[in-house]
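Asks: Model the following, please.
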Amino acid sequence: MQNYLDNNNYGTSSVKPVEVARESAYATLMRNVYIWMTLALVVTAMAAYYVASNESLLYSIAGNPILFWGLMIGELLLVIILSARIHKMSFMTAAIMFVAYSLLNGVTMSFIFLAYTESSIVTTFLITAGTFGAMALVGSFIKKDLSAMGRILIMALIGLIIATIVNIFLASDGLSMIINYAGVLIFVGLTAYDAQKIKQMLQAYGGDVNEGTKKIALMGSLSLYLDFINLFLYLLRILGNRN
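Replies: Numbers count the residues shown, from 1 in each chain. Predicted coordinates for the structure are as follows:
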């Protein structure tokens, strides 16, 4: 009888360290998601401010369509390659590509300093950070499954992209305003959805901090980074004071 109790206690105690280790790994990976996202935002902000502070560099990029569109295409290719082939590349390679993307994005975003006042850019960034943080918390802790909402938001995002392209030719101020407000609503919702999706993925695969789970965390960082940047840009078009 005593042997049975000893064996049973041993079995119970042996489960707890596994559960603790799994929770610790999950917490580490979630922390990594937001660390990488924050790092990318810092790189983007520093690159944008550096280029904007260097007028000769800024105007040389603005005055060279081949260079400007080369930077834009480079950004797009980095995201496509990173999203499609991250599981076939090393974590270090994926991380370098993520940082390179955030750097290029900062260079192209430097032009907002020509269009908007610096104070309104800072104010909008702080508003974006607060809104993003609140929605990320909602997505992380809400019990309701947001998958259905996510699918609707992704379809709405496709419609937003089409409307944006159409408005390039129409140049309608009214449609631009509708697009901006719709963009804010879509990316507010996508922030909550992506935060929940990342949490679910890391809980499912985050039993250990290894190459594969670190890549999942990195891709989660990229998703949230894109949500933040797009939310910031749409809010800036609404709240920003033009030069």
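Asks: Tally up the residues packed near Phe91, please.
Replies: 16 (other C-beta atoms under 10 Å). C-betas here are computed from N, CA, C, even on glycine.
Asks: Repeat that for Val51.
Replies: Other residues close to Val51 by other C-beta under 10 Å number 20.
Asks: Could you look up the next helix or strand downstream of the host helix or strand of it?
Replies: Element membership for Val51 (DSSP states H and E) is helix 2-53. For helix 2-53, the succeeding helix or strand toward the C-terminus, using DSSP H and E, is helix 55-62.
Asks: Any chance you could list what contacts that following helix?
Replies: Contacting residues not belonging to helix 55-62 are listed as 51-52, 67-68, 71, 107, 110-111, 114 [C-beta atoms under 8 Å, 6 or more residues apart in numbering].
Asks: hmm, try it at 10 Å
Replies: 50-52, 54, 67-68, 70-71, 107-108, 110-111, 113-114 (C-beta atoms under 10 Å, 6 or more residues apart in numbering).
Asks: what mean pLDDT does it have?
Replies: Averaging pLDDT along helix 55-62 yields 87.
Asks: and that helix, how far from the chain's centre?
Replies: 27 Å (C-alpha atoms, centre = their mean, to the nearest Å).
Asks: After that helix, which helix or strand is next?
Replies: Downstream of helix 55-62, the next assigned helix or strand under DSSP H and E is helix 65-85.
Asks: Mark which of the contacts of helix 55-62 are buried, thanks.
Replies: By neighbour count, with 16 or more other C-beta atoms under 10 Å, the contacts of helix 55-62 hold 51-52, 68, 71, 107-108, 110-111, 113 as buried.
Asks: of those, closest to Leu224?
Replies: Thr108 (19.6 Å; C-beta to C-beta).
Asks: Tell me what angle the helix or strand hosting the closest one forms with helix 65-85.
Replies: In the assignment (DSSP H and E), Thr108 maps to helix 91-109. Interaxial angle of helix 91-109 relative to helix 65-85 (axes from the mean of the first three to the mean of the last three C-alpha atoms, to 10 degrees): 150 degrees.
Asks: What are the buried residues along helix 91-109?
Replies: 91, 94-95, 97-98, 101-109.
Asks: Distance of Met149 relative to Gly189?
Replies: 6 Å (C-beta to C-beta, to the nearest Å).
Asks: Settle it for me: which of these two has more neighbours?
Replies: Gly189 (22 against 15).
Asks: Now that one: which helix or strand?
Replies: helix 173-205.
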